[in-house]
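A.B. asks: Structure for this input, please:
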Amino acid sequence: MTMVSRSLKNILKESFLMAIEAIRQNKLRSILTLLGISIGVFSVIGVMTAIRTLESSVQSGLNVFAANTFVIQKYPEIQFGHSDRKYRNRKNIDYDQYKKLKNRAKLPVLVSVSEGSSVRNVKYKDKTVKNYVELFGGDEGSIRIFKTYIGDGRNLAPDDIRYSRNVCILGMDVVDRLFPFEDPISKKIQINGLNYHVIGTAERKGEAFGQSQDNYIAIPITNYLQKFSNKWTTLSINIEAASEQDYDKTRDEAIGIMRSLRKVKPGEDNDFEIVTSDEMIETFSGFTSGIKLFALSVSIIALVVAGIGIMNIMLVSVTERIKEIGIRKAIGATKKDILTQFLMEAIFLSEFGGVAGIILGISAGNIVSVIFNIPAIIPFDWAVIGLVVCSIIGIGFGIYPAWKAAELDPIESLRFE
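C.D. replies: Prediction:
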């Protein structure tokens, strides 16, 4: 058993060295051959790496709500392509509907409301935030719903909402720009020329998908509706269930109340959306699945074409080296030795092209991590799949030329000129 193992090891080693030498002697031809393999592997690994990188951050990027929460709003959270007319034609969700839902719903532990837009030139004394800042109206529950906490000062209070007070809570990006060296609490800032007293600052959340989650100002929803709304303003109602077990019942209750408030007839579809983090992630995954399938299809075509190229090159190589094959057979090389030599050459070409494609694909795919400032990913599973596929291509398209070389008659081969 040991002698057989050593013999096989020597055959493989010798075949490997001869394959490398043959490739080295035909550098240009070999490079052009493995280029097809590299492109095929590069395309699928690059796309899969980019998607995997996005998917790795999707959980934190889209999972923006507190546990056991859902949102009722006019439009879907994620839309691909043009907005559907049915969404635009829906009635806006207004503050009166929110108040009635909050009063009627018995199961939720929290019913909150929010709506936002962007403002520029927020000022404090001689300092100005010239870039856009997210301005959103909310209530005392908004901080909890959006998974952040008050870092300093206080939260919005029911009286702030009731009396539509000019008070605000600042995200840390705004604090950094307007109050780099002083405490912002009780200071007065200007938003669109209106004075607002800072009553609190929120804890820093960091970035998601390359964008800061701290570039915002929160004001009472009633104040927002009075001073910053327009005819297109529609509210989002955020609802938190008491527990995971009560989630479905809470959701059903809220849907029933909203259908009643909006006079949706029995049998008709809801004229509002129920948005959850899981559904957003599922929608995103459905979109990326199509991209994966397309990339895989293109890569299969590229790899088949590359495999045909390998077979063609190997057949040419066999023709050019007929005399060499005859000499090897004359000094004792068996059919298995010749078969192994040429098959090893085909596999080496495929694997070398595959490795190059994997390296380039992972590098290109992780450009997404640089753009969105998210952790880079190395898809080891797809890298292994890529190498296995390259081996199959090398064997599948190299077996015929290798068999043809092994079957050559040594006498005829030595006479070949």
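
A.B. asks: alpha carbons only for contacts and neighbour counts from here, please
C.D. replies: Will do.

A.B. asks: As a check, name the ranges of all strands in the stretch 1-150 of the chain.
C.D. replies: 69-73, 110-119, 122-124, 127-129, 133-138, 150-153 (DSSP state E, counting those that start in this stretch).

A.B. asks: Glu182: which of those strands is closest?
C.D. replies: Evaluated over the strands of the stretch 1-150 of the chain, closeness to Glu182 peaks at strand 122-124, with 11.6 Å, by Cα to Cα.

A.B. asks: where does the stretch 251-400 of the chain dip in pLDDT?
C.D. replies: Scanning the stretch 251-400 of the chain for pLDDT under 70 picks out 277-288, 368, 372-374.

A.B. asks: now the strands of the stretch 1-150 of the chain in CSV, with mean pLDDT?
C.D. replies: Below are the strands of the stretch 1-150 of the chain laid out as CSV (pLDDT from 0 to 100):
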stretch, mean pLDDT
strand 69-73, 89
strand 110-119, 91
strand 122-124, 92
strand 127-129, 89
strand 133-138, 92
strand 150-153, 92
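
A.B. asks: now Trp347: how far from Gln213?
C.D. replies: Not quite, residue 347 is Ile, not Trp. As for Ile347, its distance to Gln213 is 50 Å (criterion: Cα to Cα, to the nearest Å).

A.B. asks: of those two, who's got more company?
C.D. replies: Set Ile347 next to Gln213 and count neighbours by other Cα atoms under 10 Å: Ile347 wins out with 24 against 17.

A.B. asks: Who are the contact partners of that one?
C.D. replies: Cys390, Ser391, Ile393, Gly394, Ile395, Gly398 (Cα atoms under 8 Å, 6 or more residues apart in numbering).

A.B. asks: Closest to Arg321 out of those?
C.D. replies: Using Cα to Cα, Gly398 comes nearest to Arg321 of the contacts of Ile347, at 15.6 Å.

A.B. asks: Phi first, then psi, for that closest one.
C.D. replies: Here is the backbone geometry of Gly398 (degrees, to the nearest 10): phi -100, psi -10.

A.B. asks: I'd assumed Ala346 was in contact with it.
C.D. replies: Yes. Here Gly398 reaches Ala346: they are 5.3 Å apart, a contact under Cα atoms under 8 Å.

A.B. asks: shared neighbours of these two, which are they?
C.D. replies: Ile310, Met314.

A.B. asks: Can you give me the distance of Arg85 to Tyr75?
C.D. replies: Remark: distance between Arg85 and Tyr75 (Cα to Cα) = 11 Å.

A.B. asks: Who has more neighbours out of the two?
C.D. replies: Tyr75 (21 against 8).
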